[in-house]
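**Q** Whatever this is, show me its structure:
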Amino acid sequence: MMKDKNQIIKQQKNFISELKQKPLDFISKIDKTEIETILLSGSVARGDYFPGKYGGMTDLIIMRKPGSMISPEELLGENQDPGIPYHCVCSEGNWFEILFSDFIDIEKFQMLDEARKSAIMESTVLFDKAGKYGSQSEKIKELTWEYCRKELKRNIEYIRYLISDYKKDRWYRREAFLQLHENLNTAINAGIKCLFYINNLYPPAEDRRLYYSFSLKKLPENYREKIPDLKTQIAGDKNDYFRREKIFREVLLNFIEKKAQPTPG
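**A** Predicted coordinates:
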């Protein structure tokens, strides 16, 4: 049986508690003259870090002071794992995966994609001496609700379009049920994003979004049990398409549309 994020957090609690000292030790040795803020991000920050036989890395976000041109190589040395799209270094046997960036104020935050926003919002502050990031983060939180309501509405409209009679008729006439399944898959993915918006959260990257959706507080009834049936498909099969669309409408879309309605009062 799949262990969701909350189960892993409980299981790894003591291990994570000890592990969180490692990044503090690491950044204590960094010259922070040109650094504004350092965040602990990723699975260690969430508490669900669960390394296997391939090991793992602790994620950090290091932000330069405005106007600074210091490079990650100048600050941290060479990237020790160029195959990963971050600056990776090993210190005293502990690996760190570092996103090195300019200072992220509210304007820069709004320009980021949702996955990056999600990673930042779940991060914890390790270094913010002047308190500059702290003041910006409060403003960012204020904008989250408005953003999520807007994106919830936009995605619901897109879902309705994808599974509308008008859209489906095009593929019925061509007997292109493979495309109908594909459009439904797109609608399902948009629906899962909507669950994050309903919970006032930015959706994480697609390669982990479904898994983390199971740990959201506001979810459709029987979501965990019904999603495997919804995701299972016989590609190109007409009857299986109708089966899946029925589950999608009853389990996911009805819940999303109800939650999107304005709250009385």
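
**Q** Before we move on, what's the pLDDT of the most centrally placed residue in the chain?
**A** Closest residue to the average C-alpha location of the chain: P204 at 1.2 Å, with CA atoms, centre = their mean. Note on P204: pLDDT of 96.

**Q** Tell me if it really is in a strand.
**A** No. Looking at P204 with DSSP: H, G, I helix; E, B strand; the rest coil, it is coil, so not inside a strand.

**Q** In what element of secondary structure is the residue lying closest to it once chain neighbours are set aside found?
**A** In this structure, P204 finds its nearest non-sequential neighbour in S118, 4.5 Å apart by CB to CB, 6 or more residues apart in numbering. For every residue, glycine as well, the C-beta is placed using N, CA and C. Using DSSP states H and E, S118 sits within helix 114-121.

**Q** Could you list the paired strands of the following helix or strand past that helix along with their orientation?
**A** Using DSSP H and E, the helix or strand that follows helix 114-121 in sequence is strand 124-127. In the sheet, strand 124-127 lines up against strand 35-41 (antiparallel) (DSSP bridges).

**Q** Not counting the partner strand itself, show me its contacts.
**A** Strand 35-41 is contacted by residues 20, 23, 27, 32, 45, 58-66, 68, 75, 99, 103-104, 119-120, 122-128, 130, 132-133 when judged by CB atoms under 8 Å, 6 or more residues apart in numbering.

**Q** same check, this time on stretch 15-30
**A** For stretch 15-30, contacts defined as CB under 8 Å, 6+ apart pick out 9, 38, 40, 44, 47, 49, 58, 60, 75-76, 91-92, 94, 96, 126-127.

**Q** Stretch 153-171 now?
**A** The set of residues external to stretch 153-171 that reach it, using CB under 8 Å, 6+ apart, is 177, 179-180, 183-184, 186-187, 190-191, 193-194, 197, 245, 248-249, 253, 256-257, 260.
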